[in-house]
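Participant: Starting from these lines, generate the structure:
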Amino acid sequence: MTAPPVEQIDAVSGVEDPVVRVSNLTLRFGGVTSLADVSLAVQRGEILAVIGPNGAGKTSLFNCLTGVYVGESGTIAFLPTPGESVELAGRKPHRITQFGVARTFQNIRLFNALTAIENVKIGVESRQHTGPIGAMLRLPRTRREDRASDTRAAELLEFVGLHAQGNRLAAALSYGEQRRLEIARALATQPALLLLDEPAAGTNPAEKTDLERLIRRINVEMGLSVLLIEHDMRLVMSVAARVAVLNFGRLIAAGTPAEVQRNPAVIEAYLGVAEVEGGEPDAAPG
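Facilitator: Next up is the predicted model:
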């Protein structure tokens with residue numbers, strides 16, 4: 001079945017106030033095309049979910065947005081505030097974080113030998129100004145920033161439901177708690193756009209319910225735009241305002257959850273999911 005042309009998809013999923021706009025993004029690894037002329041946008045204040053079979057290009061899209069990969073062609077315009085635009089393609093990951101894009105990972109990446117609050121403080125301190133000399137001399141600004149870091153980290157732990165776990169090592173937390181801790185660390189960088197890469201993976205039904213509630217709170221109470229990759233369709237359909245569907249690196253559909261569920265190209269892609277095995281590793285086409 002032939003997928004709708006990109007122009008038609010954009011007309012369906014066009015937004016009036018994007019926080020990020022991906023235009024004609026193409027990414028190849030040798031002879032393998034991971035992303036093929038992908039165009040999509042996340043509206044300011046919305047939750048957009050990106051779904052698709054394993055190997056569809058979802059994590060490759062995240063890696064392009066965060067500077068891990070650089071596309072062969074196309075642009076990624078980030079608009080942290082209306083009227084302000086930064087091109088992300090070709091930027092280093094730490095610069096993209098400073099601009100206001102934060103992410104979590106398919107495979108949890110915490111500092112397991114540090115406590116929960118220390119993990120979150122790393123995110124907070126990425127926005128602070130103390131240099132090596134100030135840290136060694138314990139200058140007044142350094143002490144003020146330390147106190148502010150402690151306070152903000154504690155607030156974020158409370159926000160994600162881990163206020164009682166602050167002094168526990170990250171490695172000692174349950175899997176669901178580690179997922180929430182990684183989200184808290186991402187929030188600590190003060191993002192305008194939060195990328196969540198399969199946050200429900202490996203969690204039990206109760207943890208999924210807590211996660212669903214947390215994503216909504218991040219969106220509503222913090223006013224953050226969220227771009228979500230997730231295989232759990234119940235979670236996707238319950239939190240996302242819009243859904244974009246990738247298949248073999250191409251955008252084949254976009255629209256409301258109800259529209260996407262009825263789309264013949266989406267139905268065909270998911271019926272064929274058993275033929276695409278092997279997952280979507282961070283450092284390989286996917």
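
Participant: which residue ranges form the strands in the stretch 51-200 of the chain?
Facilitator: Assigned by DSSP state E, counting those that start in this stretch, the strands in the stretch 51-200 of the chain fall at 73-78, 86-87, 101-103, 193-197.

Participant: starting at the chain centroid, how far to the shortest one?
Facilitator: Right, the one you point to is strand 86-87. 18 Å (C-alpha atoms, centre = their mean, to the nearest Å).

Participant: what residues does it touch?
Facilitator: For strand 86-87, the surrounding residues in contact (C-beta atoms under 8 Å, 6 or more residues apart in numbering) are Thr75, Ile76, Ala77, Phe78, Leu79, Pro80, Phe99. Every residue, glycine included, has its C-beta placed from N, CA and C.

Participant: same thing but at 10 Å, please
Facilitator: Val20, Thr75, Ile76, Ala77, Phe78, Leu79, Pro80, Arg95, Ile96, Phe99, Gly100, Val101 (C-beta atoms under 10 Å, 6 or more residues apart in numbering).

Participant: For the second one, list each beta-bridge partner.
Facilitator: Bridge pairing for Thr75 (DSSP bridges) gives the partners Ser23.

Participant: distance of it from Arg95?
Facilitator: Applying C-beta to C-beta, to the nearest Å, the value for Thr75 to Arg95 is 16 Å.

Participant: got any ranges where the stretch 101-250 of the chain has weak pLDDT?
Facilitator: Scanning the stretch 101-250 of the chain for pLDDT under 70 picks out 127-143, 145.

Participant: What strand or helix carries the nearest residue to Val38 once chain neighbours are set aside?
Facilitator: Take Val38 and drop its neighbours on the chain: the residue closest to it by C-beta to C-beta, 6 or more residues apart in numbering is Leu25, 4.7 Å away. Secondary structure assigned from DSSP states H and E places Leu25 in strand 18-29.

Participant: helix or strand right after that strand?
Facilitator: Criterion used, DSSP H and E; the element after strand 18-29 is strand 32-43.

Participant: My guess is Gly123 contacts Ala153. True?
Facilitator: Yes: between Gly123 and Ala153 a contact is recorded at 8.0 Å, counting by C-beta atoms under 10 Å.

Participant: where do the contact lists of the two overlap?
Facilitator: Ala184, Arg185, Ala188.

Participant: The first one contacts Val120, correct?
Facilitator: Yes: with contacts counted by C-beta under 10 Å, Ala184 reaches Val120, the gap being 5.0 Å.

Participant: For the two, work out which one has more neighbours and name it.
Facilitator: Val120 (30 against 24; other C-beta atoms under 10 Å).

Participant: Next up, the contacts around Thr151.
Facilitator: With C-beta under 10 Å, 6+ apart, Thr151 has these contacts: Val124.

Participant: re earlier: out of the strands of the stretch 51-200 of the chain, which is closest to Phe248?
Facilitator: Among the strands of the stretch 51-200 of the chain, strand 73-78 comes nearest to Phe248, with 17.0 Å by C-beta to C-beta.

Participant: buried residues in the longest helix seen in the chain?
Facilitator: Taking DSSP state H as the assignment, the helix of the chain that covers the most residues is helix 140-159. Neighbour-count burial for helix 140-159 flags Thr142, Glu145, Asp146, Ser149, Arg152, Ala153, Ala154, Leu156, Leu157, Phe159 (criterion: 16 or more other C-beta atoms under 10 Å).

Participant: repeat for stretch 81-95
Facilitator: Val86, Leu88, Ala89, Arg91.

Participant: How much space separates the last one from Gly31?
Facilitator: When you say that, I think you mean Arg91. 27 Å.

Participant: same thing with Glu46?
Facilitator: 36 Å.

Participant: One more: Phe159?
Facilitator: 45 Å.

Participant: and what of Ala253?
Facilitator: Counting by C-beta to C-beta, the separation of Ala253 from Gly31 is 26 Å.

Participant: ditto for Leu228
Facilitator: 30 Å.

Participant: Kindly report the same for Arg21.
Facilitator: Distance from Arg21 to Gly31, by C-beta to C-beta: 29 Å.

Participant: Tell me which of the two has more neighbours.
Facilitator: Arg21 (17 against 5).

Participant: which residues sit in contact with the more buried one?
Facilitator: With C-beta under 10 Å, 6+ apart, Arg21 has these contacts: Val15, Ser39, Leu40, Ala41, Val42, Gln43, Thr75, Ile76, Ala77, Phe78, Leu79, Ser85.

Participant: Many thanks, have a good one.
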